[in-house]
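structure for the following, please:
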Amino acid sequence: MSPRSQAPGWERSPGSSSFQYSRSWSFAAGVPKRELGNQKINAIEDYQQHPVTYVDIATLEPTAKVELTAPMVTLCIDGGRKSKIRPGDILGSLTGAAGIEGKYVGKIDITDNHSYVAIEQNMANQAVRQLAEGTIKGRKLRVWKVR
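Below you'll find the model as predicted:
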């Protein structure tokens, strides 16, 4: 007999000459995986200061579908650093001519050839319309929503 055939957990596959390890748990630093899972759950309970509740997966029911929409939309403006566009120029044209309050405007990112503006979803169409019809730094620039 080979040493593997005598070792616990090793079994010969039916109809095969090879051995497989048949135990369903592994060891990490001498601790069985089942106990390691309990240690992790206990650590989570200690951290959250709340017991973890276990629910049978068969008892779970699907919830109503919820549409996930981002609160902001990104607009792309066809002008950037090379066109001498600055964030203040974009903010000024949005809040001035477009009449959009500054609290609806998010991050403004300027790259070499394009500018990106985060604006609240409900104000996006108005912003695109006003920026497309108006000017930024005296120039008419193309504006579109990033998809």
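
worst-scoring helix or strand of this structure, pLDDT-wise?
Taking mean pLDDT, DSSP states H and E as the measure, the chain has strand 27-28 as its least confident helix or strand, at a mean of 44.

separation between A70 and Q121?
7 Å (Cβ to Cβ, to the nearest Å). Using the backbone N, CA and C atoms, a C-beta is placed for each residue, glycine as well.

tell me which of the two has more neighbours.
Q121 (12 against 9; other Cβ atoms under 10 Å).

just the pLDDT for the more buried one.
Predicted confidence (pLDDT) at Q121: the value is 94.

okay, and the beta partners of the spatially closest residue to it that is not a sequence neighbour?
Computed as Cβ to Cβ, 6 or more residues apart in numbering, the closest residue to Q121 that is not its neighbour in sequence is V73, at 5.4 Å. For V73, the beta-bridge partners are I119 (DSSP bridges).

touching, V73 and I119? I think so.
Yes. The pair V73 / I119 is scored as a contact, 5.9 Å apart, by Cβ atoms under 8 Å.

please enumerate the helices of this protein.
3-6, 33-48, 87-95, 124-133 (DSSP state H).

my guess is V143 meets V128, correct?
Yes. In this structure, V143 is within contact of V128 by Cβ under 8 Å, at 5.4 Å.

tell me how far D112 lies from K82.
5 Å.

sorry, slip of the keys, the one I care about is P51.
Counting by Cβ to Cβ, the gap from P51 to K82 is 59 Å.

please apply the same query to V105.
In terms of Cβ to Cβ, V105 sits 23 Å off from K82.

ok, V73 next?
25 Å.

ok, the two, which is more surrounded?
Neighbours per residue (other Cβ under 10 Å) separate V73 from K82, with V73 holding more: 21 against 10.

if I pick the more buried one, what's in contact with it?
Taking Cβ atoms under 8 Å, 6 or more residues apart in numbering as the contact definition, V73 lies against A118, I119, E120, Q121, A124, K145, V146.

let's see it at 10 Å
By Cβ atoms under 10 Å, 6 or more residues apart in numbering, V73 lies in contact with 106, 117-125, 127-128, 145-147.

now the buried members of these.
Buried subset of these (neighbour count, 16 or more other Cβ atoms under 10 Å): V117, A118, I119, E120, M123, A124, A127, V128.

mind checking how far the fifth one is from T59?
Right, the one you point to is M123. Counting by Cβ to Cβ - M123 and T59 are separated by 44 Å.
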